[in-house]
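Asks: Structure for the following, please:
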Amino acid sequence: MNTPDRLQETGRAFEALMRLIRDLRSENGCPWDKKQTPQTFHPYILEEYHEMVHALNEGASADIADEMGDLLFLVLFVAYMFEQEGLTTLPEIMHGVVTKMVRRHPHVFGEAEVRNAQDVIDNWARIKASEENIQQRESMLDGIPRSLPALNRAQKLARRAAKTGFDWTRAEEVFAKIDEELAELRETVASGSPEHVREELGDLLFVITNAARHLEVNSEAALNETSDKFERRFRYIEAQLRAKGRPLDQATLEEMDALWDEAKALEKAAVRKRE
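Replies: Now for the predicted structure:
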C-alpha cells in the first residue's frame with residue numbers, strides 16, 4: 001500500500017541510491033566507476049538481468065530483492081552517466097515513461113473500454129504505432145535490438161514480418177519447413193563444409209523459433225526450462241555417482257544413462273504426487 005510514509009521512505013531510499021552513484025562518479029570517487037560509459041555497462045546490465053530472471057524462477061525472495069537491487073543500480077547508473085553528458089536528466093527520463101504509460105493505458109487513465117487482456121494488447125499496439133518515434137521507422141524490423149538473446153530476437157523479427165502477411169498460415173507448414181532445413185543440414189554435414197554447417201544450423205534454429213511462435217510458445221522460456229531440466233538431471237547423476245564413490249570421469253555412458261532415466265522417473269513421480 002502506497003501510504004504517505006511509504007512514499008517518503010521510497011523517496012529517501014531513491015535519493016540515497018542516487019547519492020551513492022554520484023559519489024562513485026565524483027572526482028574523488030571510484031577509478032573504475034569513473035571511467036565507465038553507457039556502452040561499457042551493456043554486458044553488466046545483461047548479466048544482472050539474467051541473474052534477476054534466475055532468482056525469479058528460483059523463487060527465493062531475498063535473492064530476488066538482491067538481484068533487482070543490482071539491476072536497478074546499473075540502470076540508474078547509466079541514466080546518471082547520460083545526465084553527466086548533458087543528454088538528458090533523470091526527471092526527464094521518469095516523466096517520459098510516466099507520460100508514455102498513461103497514454104498507452106487509456107482504459108485506466110482515460111475513457112477507453114476493454115473487455116479482456118487481448119483488448120489491452122491490441123490497444124497498446126495501435127497507440128504505439130501512432131507514436132512519432134515509431135512512425136519515423138523505415139523498416140518494420142526497426143527497433144528490435146541485436147543485443148536480445150538470439151531466440152528472442154528471432155521470434156520478434158518473424159512476428160514483425162508476419163504483420164505484413166510474410167508468414168506461414170499454419171503450424172503444420174512450419175513443421176514441413178523444419179524437415180526441409182534438417183535435411184539440408186544433414187546434406188551439409190555430409191559434405192564436410194564447416195561454414196555451411198553453421199549457416200544451415202542457424203536456418204534450422206530460426207525455423208524452430210517460428211514453430212514456437214505459431215504454437216504460442218516463448219522459445220527463450222521453453223529452452224530455459226529444458227536447460228533447467230537438463231541441469232537438474234545431470235546434477236542427480238553427479239550426486240548418485242558421488243554417493244557411490246565413483247568419479248564422474250570413470251562412469252560409463254550406460255551408467256549415466258541409467259541414472260538419467262532414474263532422475264526422469266523421480267521427477268514424473270513427484271509431478272503425479274503434486275497433482
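Asks: Is there a neighbour count for residue 55? I'd like the number.
Replies: Neighbour count for residue 55, taken as other CB atoms under 10 Å: 19. Bear in mind the C-beta positions are built from the backbone N, C-alpha and C, glycine included.
Asks: C-terminal to the strand or helix carrying it, what's the next element?
Replies: Counting by DSSP states H and E, the element that carries residue 55 is helix 42-58. On the C-terminal side of helix 42-58, the nearest following helix or strand under DSSP H and E is helix 61-84.
Asks: just checking, what packs against that following helix?
Replies: For helix 61-84, the packing partners by 3 or more CB pairs under 8 Å, 6 or more residues apart in numbering; DSSP states H and E come out as helix 4-25, helix 42-58, helix 90-103.
Asks: Deepest in the core, which of these is it.
Replies: helix 42-58 (a mean of 15; mean count of other CB atoms under 10 Å).
Asks: and it, average pLDDT?
Replies: Per-residue pLDDT over helix 42-58 has a mean of 86.
Asks: now stretch 170-179
Replies: Averaged over stretch 170-179, pLDDT sits at 94.
Asks: contacting residues around that stretch?
Replies: Applying CB atoms under 8 Å, 6 or more residues apart in numbering, the external contacts of stretch 170-179 come out as 168, 204, 207, 208, 210, 211, 214, 215.
Asks: Of these - the most surrounded one?
Replies: residue 210 (25 neighbours).
Asks: what residues are up against it?
Replies: So residue 210 contacts 154, 155, 158, 168, 174, 177 (CB under 8 Å, 6+ apart).
Asks: Filter those residues down to just the buried residues.
Replies: Neighbour counting with 16 or more other CB atoms under 10 Å marks 154, 155, 158, 168, 174, 177 as buried within the contacts of residue 210.
Asks: Turn the residues you listed into a markdown table, including distance to residue 121 and secondary structure.
Replies: Shown next, in a markdown table, are these (distance: CB to CB, whole Å; DSSP: H, G, I helix; E, B strand; the rest coil):
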| residue | distance to residue 121 | secondary structure |
| --- | --- | --- |
| 154 | 21 | helix |
| 155 | 16 | helix |
| 158 | 18 | helix |
| 168 | 22 | coil |
| 174 | 23 | helix |
| 177 | 27 | helix |
